[in-house]
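# Below: sequence and its predicted model.
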There are 2 protein chains.
Amino acid sequence: MTTGPQPDIAPDTPLSKERLRLWLKLLKASSLLEDEVRRRLRAEYSGTLPRFDVMSALSRVPEGLKMSEISKMLRVSNGNVTVVVDKLAQDGLAQRVAVPGDRRANLVQLTAKGQATFAEHAAAHEAWIDDLLGGLNADDIEGMILRLDRLAETLEERDI
Amino acid sequence: MTTGPQPDIAPDTPLSKERLRLWLKLLKASSLLEDEVRRRLRAEYSGTLPRFDVMSALSRVPEGLKMSEISKMLRVSNGNVTVVVDKLAQDGLAQRVAVPGDRRANLVQLTAKGQATFAEHAAAHEAWIDDLLGGLNADDIEGMILRLDRLAETLEERDI
DNA sequence: TGTTTTTATTTCAAGCTTGAATAATTGAAG
DNA sequence: CTTCAATTATTCAAGCTTGAAATAAAAACA
């Protein structure tokens, strides 16, 4: 192959500049994808991402989750969980049940309707992601997962 | 080498599962980083990310940007830009100036105070990112940038 | 010219999100 | 047992965000 002019990579660029470039690209890509998922969820199911996220968490634990557990899992505030669960409950997708022995807490469970709705949304979601990330081959995917794992590890060590 | 006849409709291949895994990790990493940047901006400068983003866009164009240009650059709604610029103007960080020959549009510019404030925030921001992404070496960074570029390319082709 | 269409921006209602303040309950210490 | 601290959840004000509707001005066109 030819040894034409190299486009992008400046060899003397400090590493911190490259880290910043990476961050901007990472943020842009995930924002684009997230917005698109949000758009499709809204257009095709009149749903929202926060509700999908809460239902997703609940779907993995049939016995239910406490509000505070949802809050920790999704890394959102308690007040936020209250609002989203209120909406899910209004729509008959989730319900609060008492925790025996602790009158402060509630367990939140998906209703049967909630389970069915989530199953439908989750299947569509998986297909959308497959579609949107279709431009990446197996090598790209594994390469990114590897590095994202490394990044996540260093962030977790620092409680971020 | 196949595992037999596959139904046409369900592309539930191993690769699609890997794409979903990647998406969840990508979203988690960028959310963690974004939340942390947001937290520091708030804690150290009483600032917010949307204002930082708008100031960042404005800082690159001293002659100013129209509201709609900001909206397109940041991929946020017009109404959103109005609110954020209002706040920046209230704080004396940005100003609207008339566009000669077009009474519909405004040019938004950073004030001197806005320029100084943004320079300070941007320097801190770059240091934060360098800190937060410190766990990635040059190879990791270039590897991710390469793949994120590839992803961005396929998304752009589809106007996402 | 006058009419229609496009462009630029603002306003609005609704929803998401946070951190702080509040209230209720549980657990621990004395 | 009583007091004090920690846990759980809700409420609240403030800000971000969107898409749709409204307003105004410019551009295209007949």
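Yep, that arrived. Being a predicted model, the structure only gives us computed values, none of them experimental.
# buried stuff in stretch A:26-39?
Neighbour counts over stretch A:26-39 (16 or more other Cβ atoms under 10 Å in any protein chain shown) mark A:26-30, A:32-34, A:36-37 as buried. Using the backbone N, CA and C atoms, a C-beta is placed for each residue, glycine as well.
# Kindly indicate which of these lies nearest residue B:139.
Closest approach to residue B:139 among the buried residues of stretch A:26-39 (Cβ to Cβ): residue A:26, at 16.2 Å.
# Ignoring the adjacent residues along the chain, who's closest to the closest one?
With Cβ to Cβ, 6 or more residues apart in numbering or on different chains as the criterion, residue A:26 has its nearest non-adjacent residue at 5.3 Å, and that residue is residue B:30.
# which SSE is the one you found in?
Secondary-structure assignment from DSSP states H and E places residue B:30 in helix B:14-45.
# do the very next helix or strand once past that helix and DNA strand D meet?
Past helix B:14-45, heading to the C-terminal end, the next element that is a helix or strand (DSSP H and E) is helix B:49-59. Yes. Helix B:49-59 comes into contact with DNA strand D (Cβ under 7 Å from any atom of the strand), by way of B:49-51.
# could those residues be laid out in TSV, adding neighbour count, distance to residue B:132 and pLDDT?
Conversion of the residues of helix B:49-59 next to DNA strand D to TSV gives the following (neighbours: other Cβ atoms under 10 Å in any protein chain shown; distance: Cβ to Cβ, whole Å; pLDDT from 0 to 100):
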residue	neighbour count	distance to residue B:132	pLDDT
B:49	15	14	93
B:50	17	20	93
B:51	22	20	94
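# could those go into JSON lines alongside distance to chain A?
Conversion of the residues of helix B:49-59 next to DNA strand D to JSON lines gives the following (distance: Cβ to the nearest Cβ, whole Å):
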{"residue": "B:49", "distance to chain A": "10"}
{"residue": "B:50", "distance to chain A": "13"}
{"residue": "B:51", "distance to chain A": "16"}
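# so which of the buried residues of stretch A:26-39 comes closest to DNA strand C?
Of all those, the one with the least separation from DNA strand C (Cβ to the nearest atom of the strand) is residue A:34, at 9.8 Å.
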